[in-house]
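Asker: After the sequence you'll find the predicted model.
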Amino acid sequence: MDFSLFYFAAGQATGTDGYRLLLDGARFADRNGFSAVWTPERHFHEFGGPYPNPAVTGAAVAAVTEHVGIRAGSVVGPLHHPLRLAEEWSVVDNLSGGRVGLSFASGWHARDFTLRPDAYADRRRILMETIETVERLWRGDSVRLPDGEHAPVDVRTFPTPLQPRLPVWVTSAGSPETFRQAGRQGYGLLTHLLGQELPDLEKKIAEYRAHLPRENAANPAAGTVTLMLHTFLGTNRETVRETVRGPFTDYLRSSLGLIMKAAGDILPGVDPEDLDADDREFLVERSFERYFGTGGLFGTVEDALPLLERLDAVGVDEVACLIDFGVGTDEVLAGLEHLGRLRSAWAERQRTVRSAR
């Protein structure tokens, strides 16, 4: 199982210090054998607001690292012209020496589509068309599109990327059909535990793998299941609980509307604006206890290992550790040392299991 860092940002970034956690965390990941650094695309909300364009943050990560993968989690495909996506990410691929990977999402918040309101209703179909076009451009193919005078022209994008094939994931909030579709298309899968428990996730991963191409898929990310988990580790579980309780409950409180929107299939018809203050606080507290207890990597290295065992058993290939939910930058960076030890402990455990077979 691989480990990566995932950023979503609990609040606004202010000046260069606002991105210190991103860049210093990326340097740590690069030095310590982590597989990737993921940054999102978010618009018009403080929750994730410092990350409106993962190509920009990806370029920044490329400038301060040498080895770690640079990934978007996620590009909202229907908001963008595929020509632009291919151009921007090819630049990052060149800057990084060929380390780019993209997870694509259809988008789930109508307000984001202020950028392209005509695409919202048909966003799922547009997403797949966008991915297909970006892949063709990445391979060096030309695509026929109308120019400014509405005449059809064949267009190629530049610069030429270093990787011959773009590693592609599809982001799913838990829809079984999205899992199946990602499998049929031979893409990787990026998901989380919002609105789904591990037994549900295990069934969906099995469905995903059942729909993968029988022959080796052309996409480099095919068959890779990446799971986002909120993460903070230390030397004492109760100390960790008290460290994260305030910031994480604030994080949940500020994002409750977005979280419930993302879990719409699980909580149909529930509008957080209709809830009174006590009900909202009940949901926040219940969410905190669930995440801390079973839905995240919290506590000590020893506390986290049993969850990794369960994730490995259900078919997760990579844990994307979401670290920026409001704990102070210096504390998070110090906690990465424990995460590095968890990665090493897990690798050693896996070597022991393999040697015993």
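Answerer: Received the coordinates, thanks.
Asker: ok, and for the helix or strand hosting Arg280, which residues are buried?
Answerer: In this assignment (DSSP states H and E), Arg280 forms part of helix 277-290. Across helix 277-290, burial judged by 16 or more other C-beta atoms under 10 Å covers Arg280, Leu283, Val284, Ser287, Phe288. Using the backbone N, CA and C atoms, a C-beta is placed for each residue, glycine as well.
Asker: Likewise for stretch 132-143?
Answerer: Result for stretch 132-143 [16+ other C-beta under 10 Å]: buried residues Thr133, Val134, Glu135, Arg136, Leu137, Trp138, Val143.
Asker: Any idea how far apart the tips of it sit?
Answerer: End-to-end distance for stretch 132-143: 11 Å, by C-alpha to C-alpha, to the nearest Å.
Asker: just the buried residues of stretch 132-143 now: which is nearest His230?
Answerer: Within the buried residues of stretch 132-143, the smallest distance to His230 is 29.7 Å, found for Val134 (C-beta to C-beta).
Asker: Assumed that closest one was part of a strand.
Answerer: No - judged by DSSP: H, G, I helix; E, B strand; the rest coil, Val134 forms no part of a strand; its state is helix.
Asker: Verify the stated contact: it with Pro82.
Answerer: Yes - contact criterion C-beta atoms under 8 Å: Val134 and Pro82 qualify, at 4.8 Å.
Asker: residue contacts, Asp118?
Answerer: Applying C-beta atoms under 8 Å, 6 or more residues apart in numbering, we find Asp118 in contact with no residue.
Asker: Tell me the spacing between it and Pro78.
Answerer: The gap separating Asp118 from Pro78 is 10 Å, by C-beta to C-beta, to the nearest Å.
Asker: Who are the packing partners of the helix ranked longest in the chain?
Answerer: Longest helix in the chain, counting residues (DSSP state H): helix 329-356. When contacts are defined as 3 or more C-beta pairs under 8 Å, 6 or more residues apart in numbering; DSSP states H and E, helix 329-356 packs onto strand 2-6, helix 20-31, strand 225-233, helix 301-314.
Asker: Same list (these) but as a markdown table, adding distance to Lys203, mean pLDDT and mean neighbour count.
Answerer: Output for the helices and strands packed on helix 329-356, formatted as a markdown table (distance: least, C-beta to C-beta, whole Å; pLDDT from 0 to 100; neighbours: other C-beta atoms under 10 Å):
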| stretch | distance to Lys203 | mean pLDDT | mean neighbour count |
| --- | --- | --- | --- |
| strand 2-6 | 23 | 98 | 23 |
| helix 20-31 | 31 | 97 | 20 |
| strand 225-233 | 13 | 97 | 24 |
| helix 301-314 | 9 | 96 | 16 |
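Asker: quick one, helices of the stretch 1-150 of the chain?
Answerer: 20-31, 54-64, 82-96, 123-138 (DSSP state H, counting those that start in this stretch).
Asker: export the ones you listed to a markdown table and tack on distance to Arg351?
Answerer: As requested, these are exported to a markdown table (distance: least, C-beta to C-beta, whole Å):
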| stretch | distance to Arg351 |
| --- | --- |
| helix 20-31 | 21 |
| helix 54-64 | 29 |
| helix 82-96 | 29 |
| helix 123-138 | 36 |
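Asker: The residue nearest to the spatial centre of the chain and Gln185, how far apart?
Answerer: The geometric centre of the chain, computed from its C-alpha atoms, lies nearest to Gly73 (C-alpha atoms, centre = their mean), at 3.6 Å. Distance, Gly73 to Gln185, by C-beta to C-beta: 18 Å.
Asker: now swap in Thr239 and tell me
Answerer: Thr239 is 45 Å from Gln185, by C-beta to C-beta.
Asker: Those two - which one has more neighbours?
Answerer: Gln185 (19 against 12; other C-beta atoms under 10 Å).
Asker: Check whether the more buried one really touches Thr178, as I assumed.
Answerer: No - taking contacts as C-beta under 8 Å, Gln185 lies outside contact range of Thr178: 10.6 Å.
Asker: so what sits against both of the two?
Answerer: Contacts common to Gln185 and Thr178, judged by C-beta under 8 Å, 6+ apart, are Val170.
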